[in-house]
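In: Below: sequence and its predicted model.
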Amino acid sequence: MHEKKVFASFSRWVSRCRVILSDCIVALVAFPMALYIRLDQEVTSYPITFFFVSSSLFCFLATIIGFFFNVHKTVWRHVSLPDVTQILKTATFSVCVFFLSIFLIFPDISLPRSTPIIHWCIFAGLLSGTRLGYRIIAEGYSRRRNLQHGCGKPVLLMHTGYEAELFLRYQQQDGKSPYRIVGILDQDHHHTDRTIRGIRVLGPLEDLQSILPALPEFPEQLIVTSDEVPYWPLQKIVAMVEVLGIRVVRLPLMQTNKPFEGTIVASPIAIEDLLGRAEQTLDPSTVENLLREKCILITGAGGSIGSELTRQIASFSPRKLLLFDHSEFLLYSLDKELSSFLTDKTCKRIEKVPLIGDVRDQVYVRHIIATHKPDIVFHAAALKHVPLVESNPEEGVLTNVLGVRHVADVCHMCGVPIMVQVSTDKVVLPKSVMGATKKLAELYCQALDVVSSTQFVTIRFGNVLGSSGSVVPLFEEQIAHGGPITITHADMMRYFMTIPEAVKLILVSAAIRKKSLAQTGQIFVLDMGAPVRIVDLANQIIRLKGLTPGKDIKIVYTGMREGEKLYERLFDDQETLMPSGFQGMHLASSSHLASLDTLRPLFDELTSLAQTRSSQAVSVRIMEIIALLRKTS
C-alpha cells in the first residue's frame, strides 16, 4: 500500500513537471516571436544578450504568476472555460510585470508600443492552444475508440435531450466504458440523420424494427437517458423494445456541475417505474410543523410501512421517536439502521426509544403513552396477509380490532392530539377476514373522532410494492428459482403504490387534518391511479430480468383463495367522494356513522369469541357484524 502511494505521488510529480516544462517553453519563445512578428528582419538589431535575459526573466515571472493562478494544476484533457480564464489572468499579469521590468532593466532599449499586445496574444494563445489542442486530440481518439470501436456492449440511446449529450461526453472521456453506442432514437423527426458528438440519430422508436437490420451489430440494450420521453411512457417503451430481445435500462442522475469521475453504468428499470402513474412529491413545509420537535409514537415500527414512516419522520427532526413493535429482530434492525442514519448534527438530537410490546396489551400501551406523552401516534401495527388471516381469524381480530381499540382508547383517555391509523382498500365491501377486521378498525376510529378531543385520522390505500407479503418479492423469488410464477386468476387486478410515496401521503394527511381542512369522521383515500393486472405485472418483472414470459418463465394459474377478490375498490357505495385540497388524495365521507355505543358491545362479543380460539365462529360472526353495520348505516 505504501509503495502504491509513493508511485502515485511520483506519477503526479512527473505529470506536473511536464506541464511546467511545456509552459516554460511557451514563455521562452513568446517574447522573441512577438518582436519578430512586429519587426520582421529588423529584430536582428537587438543584442543576443537582450533576448537571453528578457526571455529568461519572462519565463521566471510567468512561472511564478502561473503558480499563483494554479494554471499548472489544470488537467489538460478536461480543460474548460474557467481554466482558460485563469490562463488569461496569468498572461495579463505576466506581460504587465515583464514590460515594467524590461523598462527598468534596459532603459536605453526602445520597443514598439504594440509589442506588449502582440506578446500577450501569443503567450495566452499558446498556453490555451496547447491545452485545448491536447483535449481535442484526446477526445477525438476516445470518441473513435470508446463509442464505436470499444470493447463494450453495443447499445442504443433513447432521446436526444441534454442528458444524452452529457452521457456521450462522459463516454468519450471514459477509457473503460462498458458501452459501444451504435445510434440514438428520438421522437422528433427533425433530428433524424443528424449527429450528436459523432453518433447518428436513427429515427423514432416506432421505426426500431426497420432500423435494426441496417445497424452494424444488434444492440443488447436501449438506454433511456431522460426521465420523461415525450409521448412515450416507460412501460410502453419496455413493452415494445423487449419483445425484440433488447433490454431497457436507464441512466442514473448525473451531476452536470461536477467533473467526470469513474464509469457511468445504466441501471435496470425498477418495477415501480412501470406503474403508469407519476409519483406524488412532498413539499417538506407541509409536514414540517407537524413533526419538528415533537414526540412521535409509531406502532408496528419494524414493518414495511412503519419503518419507512420512521425514516421519513426522522428527517424532520422530531424530539423523540418511540419505536413500538412485537418483533425483537425487526426492532433491532430498525434501531441499527437509525443509529447510522442519525449521524449529522441535526439528527443527533433525536432521542429514539425502542419498545418491544404488543398492541393487544392495553396496560402496556397505556403505560407507554402516559409515560412519554406523544404528540402524534402513527398506528401501523396490523396483520395484513389475507390468506394467513383467513386461516387465523382470531389472531386477526385480536390484533386488527382489539389492538386498534386499545391504542385508540388510550389516545382518547390520555389526550393525545392526533392518532393516525393506516387502513387498506380491502375494507371496501370486505370479503376476507382481514378486510373485515380493518373495516371495524376504521369504524371505531371514525366513531371516536366524532366525540373525542383527539383527532383520529384514517388513511386508506391499496397494495404497496415491496412490502412484506407483496407479490413483487414473491415473483422475483420464483423467477430466481426458474419459475413458474403462480397467480390465482388471470383477471386479478390490484392498486399499487410505492412505500415511500404512501408514507409521504400519510404524513400529508395528518398535516391536513391538523389544520382542520377535513371534518370529523372522514377518511383520507390515496389516489392510487389505475389498477394493474397482476399477470401484466408478472410479465413486466420477467422482462425486466431479461427473460421472455411463457418461454423462459411460465405463469401458472392456481385458482382464487378464500377471501380473495378479483379487484379491489377504494370507495364504498355508501361513501361520498370529496376533494381533500391536496393533490394525490381524496376524502371519503359517510352520512351515517356507527356510534361507540353500537360498536363496543359488538367488539366485546367478537373479542371474547376470538379469545376462545374458535376460528370458524370468528369468521362467521365478523361477517355478520359487517353486514349488520352496513344495514344500519
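Out: Arrived safely. Numbers count the residues shown, from 1 in each chain.

In: From Gly415, how far off is Val363?
Out: Per Cβ to Cβ, to the nearest Å, Val363 is found 19 Å from Gly415. The C-beta positions use only the backbone N, C-alpha and C, and glycine is treated the same way.

In: between the two, which one's more packed in?
Out: Gly415 (11 against 8; other Cβ atoms under 10 Å).

In: Grab the nearest non-local neighbour of that one.
Out: Ser453 (6.4 Å; Cβ to Cβ, 6 or more residues apart in numbering).

In: What's the local residue count around the one you found?
Out: Neighbour number of Ser453 under other Cβ under 10 Å is 8.

In: That one - that's part of a helix, no?
Out: No: per DSSP: H, G, I helix; E, B strand; the rest coil, Ser453 lies outside any helix segment and is coil.

In: Hmm, it is touching Cys414, no?
Out: No: distance between Ser453 and Cys414: 10.7 Å, which falls outside the contact criterion (Cβ atoms under 8 Å).

In: low-confidence ranges in the stretch 101-250 of the chain?
Out: 138-151, 160, 162, 172-177, 227-233, 235 (pLDDT under 70).

In: and Asp573, how many residues sit next to it?
Out: Other residues lying near Asp573 total 8 when counted by other Cβ under 10 Å.

In: Kindly report the same for Tyr170.
Out: 18.

In: Name the helix or strand of this structure that has the lowest mean pLDDT.
Out: Lowest mean confidence among the helices and strands of the chain (mean pLDDT, DSSP states H and E): helix 345-348, at a mean of 53.

In: Helices along the stretch 401-550 of the chain, start to end?
Out: With DSSP state H, counting those that start in this stretch as the criterion, the stretch 401-550 of the chain has helices at 403-414, 433-451, 471-480, 499-514, 534-544.

In: Please identify the buried residues of the longest one?
Out: What it means is helix 433-451. By neighbour count on 16 or more other Cβ atoms under 10 Å, the buried set for helix 433-451 is 433-449.

In: Which secondary structure state is assigned to the closest residue to Leu126 other than its chain neighbours?
Out: Nearest non-adjacent residue to Leu126, counting by Cβ to Cβ, 6+ apart: Val26, 4.4 Å away. Three-state call for Val26 (three-state DSSP): helix.

In: same question, the one 5 residues further on
Out: Following three-state DSSP, we place Phe31 in the helix state.

In: That one is in contact with Phe58, isn't it?
Out: Yes: in this structure, Phe31 is within contact of Phe58 by Cβ under 8 Å, at 5.4 Å.

In: Name the residues contacting each of these two.
Out: Jointly contacting Phe31 and Phe58 under the rule Cβ atoms under 8 Å, 6 or more residues apart in numbering are Phe98.

In: re the thing from before, please identify which of the helices of the stretch 401-550 of the chain is closest to Leu212.
Out: When those are compared by Cβ to Cβ, helix 534-544 sits nearest Leu212, at 17.9 Å.

In: got the angle for that closest one vs helix 471-480?
Out: 50 degrees (axes from the mean of the first three to the mean of the last three Cα atoms, to 10 degrees).

In: where along the stretch 251-400 of the chain do the strands fall?
Out: Ranges of strands within the stretch 251-400 of the chain are 267-268, 295-299, 320-325, 351-356, 376-379, based on DSSP state E, counting those that start in this stretch.

In: Redo the ones you listed as a markdown table? Include mean pLDDT and mean neighbour count.
Out: Converted to a markdown table, these look like this (pLDDT from 0 to 100; neighbours: other Cβ atoms under 10 Å):
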| stretch | mean pLDDT | mean neighbour count |
| --- | --- | --- |
| strand 267-268 | 64 | 12 |
| strand 295-299 | 93 | 26 |
| strand 320-325 | 92 | 24 |
| strand 351-356 | 89 | 16 |
| strand 376-379 | 93 | 27 |
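
In: Just send those strands back as JSON lines, with distance to Leu599 too.
Out: Converted to JSON lines, the strands of the stretch 251-400 of the chain look like this (distance: least, Cβ to Cβ, whole Å):
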{"stretch": "strand 267-268", "distance to Leu599": "48"}
{"stretch": "strand 295-299", "distance to Leu599": "21"}
{"stretch": "strand 320-325", "distance to Leu599": "24"}
{"stretch": "strand 351-356", "distance to Leu599": "28"}
{"stretch": "strand 376-379", "distance to Leu599": "17"}
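
In: Please name whichever of the ones you listed is nearest to Gly546.
Out: strand 267-268 (8.6 Å).

In: Surely Ser226 touches Phe167?
Out: No: judged on Cβ under 8 Å, Ser226 makes no contact with Phe167 at a distance of 10.1 Å.

In: quick one: which of those two has more around it?
Out: The neighbour comparison of Ser226 against Phe167 (other Cβ under 10 Å) goes to Phe167, with 21 against 16.

In: what about that one, which helix or strand?
Out: For Phe167, the element it lies in under DSSP states H and E is helix 162-173.
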